[in-house]
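**Student:** Requesting a structural model of the entry that follows:
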Amino acid sequence: MFIDNEIIVCKEHKGIEYIQFRKLLDFGIKHAYTLKGDNINFRTDSKEEKESFSKIYSAIGLDVNTVVKPLQNHTSNVICIDRIMSKEELSDIDGLITNKPGIGLTTTNADCILMLIYDPVKKVIANVHSGWKGTFQKIVEKTVVKMMTNYNCDPKDIYCFVCPSIRRCHFEVDKDVRNLCEEIFSFTNRTEEFIEKGKLVDGIQKYMIDTVLINRILLSELGIKDEHIIDCNICSVCNSNKINSYRIEGKDFRLATAIISL
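**Tutor:** Purely as a prediction, here's the structure:
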(Lines give C-alpha, C1' and ligand atoms only; values in the text may rest on other atoms or scores of the structure.)
Protein backbone atom coordinates (compact mmCIF):
# COMPACT_ATOMS: atom_id res chain seq x y z
CA MET A 1 0.00 0.00 0.00
CA PHE A 2 1.04 3.61 -0.48
CA ILE A 3 1.58 5.65 2.65
CA ASP A 4 -1.29 7.93 3.67
CA ASN A 5 -0.42 11.60 3.28
CA GLU A 6 -2.12 14.98 3.39
CA ILE A 7 -3.76 14.35 -0.02
CA ILE A 8 -4.82 10.68 -0.07
CA VAL A 9 -5.71 7.80 2.19
CA CYS A 10 -5.14 4.15 1.27
CA LYS A 11 -7.72 1.50 2.10
CA GLU A 12 -8.41 -2.21 1.69
CA HIS A 13 -11.74 -4.01 1.80
CA LYS A 14 -12.27 -7.73 1.26
CA GLY A 15 -9.43 -8.16 -1.20
CA ILE A 16 -9.51 -4.85 -3.05
CA GLU A 17 -7.14 -1.96 -2.38
CA TYR A 18 -7.90 1.63 -3.34
CA ILE A 19 -7.06 5.24 -2.62
CA GLN A 20 -9.35 8.14 -1.76
CA PHE A 21 -8.82 11.90 -1.68
CA ARG A 22 -9.08 13.43 1.78
CA LYS A 23 -10.85 16.54 0.53
CA LEU A 24 -13.53 14.53 -1.27
CA LEU A 25 -14.02 12.51 1.91
CA ASP A 26 -14.40 15.79 3.81
CA PHE A 27 -17.15 16.71 1.35
CA GLY A 28 -18.83 13.34 2.02
CA ILE A 29 -18.45 12.20 -1.60
CA LYS A 30 -18.23 8.47 -2.24
CA HIS A 31 -15.33 7.76 -4.56
CA ALA A 32 -12.28 5.57 -5.14
CA TYR A 33 -9.35 4.83 -7.42
CA THR A 34 -8.38 1.16 -7.45
CA LEU A 35 -4.90 -0.29 -7.06
CA LYS A 36 -3.50 -3.49 -8.54
CA GLY A 37 -4.65 -6.75 -7.00
CA ASP A 38 -5.15 -10.42 -7.70
CA ASN A 39 -8.18 -10.95 -9.95
CA ILE A 40 -8.86 -7.20 -10.12
CA ASN A 41 -9.39 -5.95 -13.67
CA PHE A 42 -11.91 -3.46 -15.07
CA ARG A 43 -11.40 -4.24 -18.75
CA THR A 44 -14.73 -4.84 -20.47
CA ASP A 45 -13.33 -7.95 -22.14
CA SER A 46 -12.02 -9.49 -18.90
CA LYS A 47 -13.57 -12.27 -16.86
CA GLU A 48 -12.78 -10.31 -13.69
CA GLU A 49 -14.68 -7.13 -14.57
CA LYS A 50 -18.05 -7.95 -12.97
CA GLU A 51 -16.59 -9.19 -9.69
CA SER A 52 -14.11 -6.30 -9.58
CA PHE A 53 -16.94 -3.79 -9.78
CA SER A 54 -18.89 -5.67 -7.12
CA LYS A 55 -15.89 -5.47 -4.79
CA ILE A 56 -15.10 -1.78 -5.19
CA TYR A 57 -18.73 -0.64 -5.12
CA SER A 58 -19.27 -2.65 -1.94
CA ALA A 59 -16.10 -1.18 -0.44
CA ILE A 60 -17.30 2.40 -0.79
CA GLY A 61 -20.96 1.72 0.01
CA LEU A 62 -22.52 1.94 -3.43
CA ASP A 63 -25.02 -0.29 -5.22
CA VAL A 64 -23.19 -2.01 -8.10
CA ASN A 65 -26.34 -1.63 -10.20
CA THR A 66 -25.68 2.12 -10.33
CA VAL A 67 -22.50 1.73 -12.43
CA VAL A 68 -22.39 4.11 -15.38
CA LYS A 69 -19.29 3.26 -17.40
CA PRO A 70 -18.71 4.60 -20.92
CA LEU A 71 -17.00 2.83 -23.78
CA GLN A 72 -14.03 5.21 -23.81
CA ASN A 73 -12.26 5.89 -27.08
CA HIS A 74 -9.86 8.81 -26.41
CA THR A 75 -12.44 11.34 -27.56
CA SER A 76 -13.44 14.74 -26.18
CA ASN A 77 -17.09 13.70 -25.98
CA VAL A 78 -18.77 14.57 -22.67
CA ILE A 79 -22.34 13.69 -21.73
CA CYS A 80 -24.67 14.73 -18.91
CA ILE A 81 -26.22 11.75 -17.13
CA ASP A 82 -29.67 11.80 -15.51
CA ARG A 83 -30.29 8.04 -15.29
CA ILE A 84 -28.48 4.72 -15.24
CA MET A 85 -27.20 4.07 -18.75
CA SER A 86 -25.57 1.06 -20.37
CA LYS A 87 -22.11 0.97 -21.94
CA GLU A 88 -23.69 0.62 -25.35
CA GLU A 89 -25.54 3.92 -24.86
CA LEU A 90 -22.24 5.57 -23.99
CA SER A 91 -20.09 4.54 -26.93
CA ASP A 92 -17.20 6.91 -27.69
CA ILE A 93 -17.76 8.90 -24.49
CA ASP A 94 -14.85 9.93 -22.26
CA GLY A 95 -16.46 12.39 -19.87
CA LEU A 96 -19.51 12.03 -17.60
CA ILE A 97 -21.38 14.68 -15.58
CA THR A 98 -24.37 14.42 -13.23
CA ASN A 99 -26.22 16.17 -10.44
CA LYS A 100 -28.30 13.09 -9.68
CA PRO A 101 -27.55 11.13 -6.47
CA GLY A 102 -27.13 7.37 -6.68
CA ILE A 103 -25.30 7.24 -10.01
CA GLY A 104 -21.75 5.89 -9.99
CA LEU A 105 -19.80 7.73 -12.68
CA THR A 106 -16.99 5.38 -13.65
CA THR A 107 -13.92 5.61 -15.89
CA THR A 108 -10.93 3.33 -16.38
CA ASN A 109 -7.23 3.78 -17.07
CA ALA A 110 -3.80 2.25 -17.33
CA ASP A 111 -1.58 5.37 -17.63
CA CYS A 112 -4.15 7.88 -18.90
CA ILE A 113 -5.28 10.71 -16.63
CA LEU A 114 -8.58 10.28 -14.78
CA MET A 115 -10.01 13.38 -13.10
CA LEU A 116 -12.79 13.46 -10.52
CA ILE A 117 -14.53 16.84 -10.44
CA TYR A 118 -16.91 18.24 -7.83
CA ASP A 119 -18.83 21.47 -7.34
CA PRO A 120 -19.92 21.50 -3.68
CA VAL A 121 -22.20 24.52 -4.24
CA LYS A 122 -24.26 23.19 -7.14
CA LYS A 123 -23.76 19.53 -6.09
CA VAL A 124 -22.48 18.44 -9.49
CA ILE A 125 -19.86 15.76 -10.15
CA ALA A 126 -17.89 14.71 -13.22
CA ASN A 127 -15.50 11.92 -14.14
CA VAL A 128 -13.10 12.50 -17.04
CA HIS A 129 -10.78 10.16 -18.95
CA SER A 130 -8.02 12.20 -20.55
CA GLY A 131 -5.20 10.35 -22.27
CA TRP A 132 -2.80 12.43 -24.33
CA LYS A 133 -5.30 12.49 -27.18
CA GLY A 134 -8.09 13.64 -24.87
CA THR A 135 -5.76 16.20 -23.33
CA PHE A 136 -4.83 17.54 -26.77
CA GLN A 137 -8.60 17.80 -27.48
CA LYS A 138 -9.05 19.67 -24.16
CA ILE A 139 -11.68 17.30 -22.78
CA VAL A 140 -11.37 18.63 -19.23
CA GLU A 141 -12.02 22.16 -20.49
CA LYS A 142 -15.10 20.95 -22.37
CA THR A 143 -16.31 19.16 -19.23
CA VAL A 144 -16.05 22.23 -17.03
CA VAL A 145 -17.67 24.45 -19.68
CA LYS A 146 -20.57 21.99 -19.86
CA MET A 147 -20.88 22.08 -16.06
CA MET A 148 -21.05 25.88 -16.27
CA THR A 149 -23.55 25.88 -19.14
CA ASN A 150 -25.84 23.04 -18.07
CA TYR A 151 -25.70 23.36 -14.27
CA ASN A 152 -24.73 27.01 -13.77
CA CYS A 153 -21.52 26.02 -11.98
CA ASP A 154 -19.06 28.76 -11.04
CA PRO A 155 -15.42 27.77 -11.78
CA LYS A 156 -14.24 29.26 -8.49
CA ASP A 157 -16.34 26.65 -6.64
CA ILE A 158 -15.11 23.63 -8.63
CA TYR A 159 -12.54 21.13 -7.36
CA CYS A 160 -10.59 18.74 -9.59
CA PHE A 161 -8.82 15.64 -8.26
CA VAL A 162 -6.14 14.03 -10.43
CA CYS A 163 -5.76 10.26 -10.07
CA PRO A 164 -2.57 8.21 -10.67
CA SER A 165 -1.34 8.43 -14.27
CA ILE A 166 1.78 8.50 -16.38
CA ARG A 167 3.84 11.60 -15.65
CA ARG A 168 6.44 13.68 -17.45
CA CYS A 169 9.21 11.37 -16.21
CA HIS A 170 7.89 8.54 -18.43
CA PHE A 171 5.64 10.09 -21.07
CA GLU A 172 8.15 9.92 -23.91
CA VAL A 173 7.03 10.89 -27.41
CA ASP A 174 8.44 11.46 -30.88
CA LYS A 175 8.78 14.79 -32.64
CA ASP A 176 5.38 14.58 -34.35
CA VAL A 177 3.49 14.43 -31.05
CA ARG A 178 5.78 17.08 -29.57
CA ASN A 179 5.09 19.42 -32.51
CA LEU A 180 1.34 18.81 -32.28
CA CYS A 181 1.42 19.59 -28.58
CA GLU A 182 3.31 22.82 -29.16
CA GLU A 183 0.93 23.86 -31.92
CA ILE A 184 -2.23 23.22 -29.90
CA PHE A 185 -1.05 24.82 -26.69
CA SER A 186 1.03 27.71 -28.04
CA PHE A 187 -1.71 30.05 -26.78
CA THR A 188 -0.60 29.35 -23.21
CA ASN A 189 2.87 30.81 -23.83
CA ARG A 190 4.08 28.08 -21.44
CA THR A 191 5.05 25.19 -23.72
CA GLU A 192 8.61 25.21 -22.39
CA GLU A 193 7.15 24.30 -18.98
CA PHE A 194 5.45 21.09 -20.14
CA ILE A 195 7.62 20.00 -23.09
CA GLU A 196 11.27 19.14 -22.60
CA LYS A 197 13.92 17.44 -24.69
CA GLY A 198 14.47 13.82 -23.74
CA LYS A 199 17.01 11.20 -24.76
CA LEU A 200 18.32 10.21 -28.16
CA VAL A 201 17.07 6.69 -28.90
CA ASP A 202 18.69 4.99 -31.89
CA GLY A 203 19.55 8.43 -33.20
CA ILE A 204 15.97 9.71 -32.83
CA GLN A 205 15.30 12.66 -30.54
CA LYS A 206 12.63 11.96 -27.93
CA TYR A 207 10.61 14.47 -25.91
CA MET A 208 8.92 14.35 -22.51
CA ILE A 209 5.47 15.91 -22.09
CA ASP A 210 3.73 16.80 -18.82
CA THR A 211 0.06 16.21 -19.64
CA VAL A 212 -0.96 16.72 -16.01
CA LEU A 213 0.46 20.23 -16.12
CA ILE A 214 -1.35 20.90 -19.40
CA ASN A 215 -4.66 19.96 -17.79
CA ARG A 216 -3.84 22.07 -14.75
CA ILE A 217 -3.22 25.07 -17.04
CA LEU A 218 -6.50 24.47 -18.90
CA LEU A 219 -8.38 24.37 -15.60
CA SER A 220 -6.67 27.52 -14.35
CA GLU A 221 -7.50 29.33 -17.60
CA LEU A 222 -11.18 28.63 -16.88
CA GLY A 223 -10.93 30.24 -13.45
CA ILE A 224 -10.52 27.19 -11.23
CA LYS A 225 -8.38 28.05 -8.24
CA ASP A 226 -4.93 26.47 -8.12
CA GLU A 227 -5.59 25.20 -4.60
CA HIS A 228 -8.72 23.46 -5.90
CA ILE A 229 -6.68 21.33 -8.33
CA ILE A 230 -5.60 18.47 -6.11
CA ASP A 231 -3.13 16.01 -7.61
CA CYS A 232 -2.24 12.70 -5.96
CA ASN A 233 1.25 13.08 -7.53
CA ILE A 234 1.51 9.34 -8.29
CA CYS A 235 3.13 8.17 -11.53
CA SER A 236 1.63 4.94 -12.83
CA VAL A 237 4.92 3.86 -14.42
CA CYS A 238 7.13 4.66 -11.43
CA ASN A 239 4.66 2.76 -9.23
CA SER A 240 3.69 -0.03 -11.63
CA ASN A 241 3.97 -2.55 -8.80
CA LYS A 242 0.74 -1.05 -7.41
CA ILE A 243 -0.73 0.92 -10.33
CA ASN A 244 -1.84 -0.46 -13.70
CA SER A 245 0.37 0.77 -16.54
CA TYR A 246 -0.06 0.01 -20.22
CA ARG A 247 3.54 1.03 -20.90
CA ILE A 248 4.78 -1.59 -18.45
CA GLU A 249 2.21 -4.38 -18.90
CA GLY A 250 1.87 -4.24 -22.70
CA LYS A 251 -0.98 -5.94 -24.55
CA ASP A 252 -2.08 -7.89 -21.47
CA PHE A 253 -2.55 -4.71 -19.44
CA ARG A 254 -5.22 -4.51 -16.79
CA LEU A 255 -7.41 -1.49 -16.13
CA ALA A 256 -8.01 0.38 -12.90
CA THR A 257 -11.18 2.33 -12.24
CA ALA A 258 -12.06 5.70 -10.76
CA ILE A 259 -15.56 6.13 -9.33
CA ILE A 260 -17.47 9.12 -7.99
CA SER A 261 -21.06 9.35 -6.80
CA LEU A 262 -23.29 11.87 -5.05
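**Student:** helix or strand right after the helix or strand residue 148 falls within?
**Tutor:** Using DSSP states H and E, residue 148 sits within helix 139-151. Going down the chain from helix 139-151, the next helix or strand is strand 159-162, by DSSP H and E.
**Student:** residues of the helix holding residue 148 that come out buried?
**Tutor:** 139-144, 146-148, 151 (16 or more other CB atoms under 10 Å). No exception for glycine: its C-beta is placed from N, CA and C like everyone else's.
**Student:** Could you list every helix and strand in contact with that helix?
**Tutor:** In terms of contacts (3 or more CB pairs under 8 Å, 6 or more residues apart in numbering; DSSP states H and E), helix 139-151 is packed against strand 78-80, strand 95-98, strand 113-119, strand 124-130, helix 211-221.
**Student:** and the ones you listed, which is most packed in?
**Tutor:** Across the helices and strands packed on helix 139-151, averaging neighbours per residue (mean count of other CB atoms under 10 Å) puts strand 124-130 on top, at a mean of 27.
**Student:** pLDDT on that strand, on average?
**Tutor:** Regarding strand 124-130, the rounded mean pLDDT is 98.
**Student:** Next, the angle from that strand to helix 139-151.
**Tutor:** Angle of strand 124-130 versus helix 139-151, following axes from the mean of the first three to the mean of the last three CA atoms, to 10 degrees, is 160 degrees.
**Student:** Show me the contact partners of strand 124-130.
**Tutor:** Strand 124-130 has contacts (CB atoms under 8 Å, 6 or more residues apart in numbering) with 29, 70, 72, 74, 78, 94-99, 105-109, 112-119, 134, 139-140, 143-144, 147, 151, 153, 211, 215, 258-262.
**Student:** before we move on, what about stretch 145-158?
**Tutor:** Contacts for stretch 145-158 (CB under 8 Å, 6+ apart): 78, 80, 97, 99, 117-122, 124, 126, 144, 222-225, 228.
**Student:** Same check on stretch 78-95?
**Tutor:** Under CB under 8 Å, 6+ apart, the answer for stretch 78-95 is 44, 65-77, 96-98, 100, 103, 105, 107, 126-130, 134, 139-140, 142-143, 146, 150.
**Student:** redo that, cut-off 7 Å
**Tutor:** 44, 66, 68-77, 96-98, 100, 103, 105, 126, 128-129, 134, 139, 142-143, 146, 150 (CB atoms under 7 Å, 6 or more residues apart in numbering).
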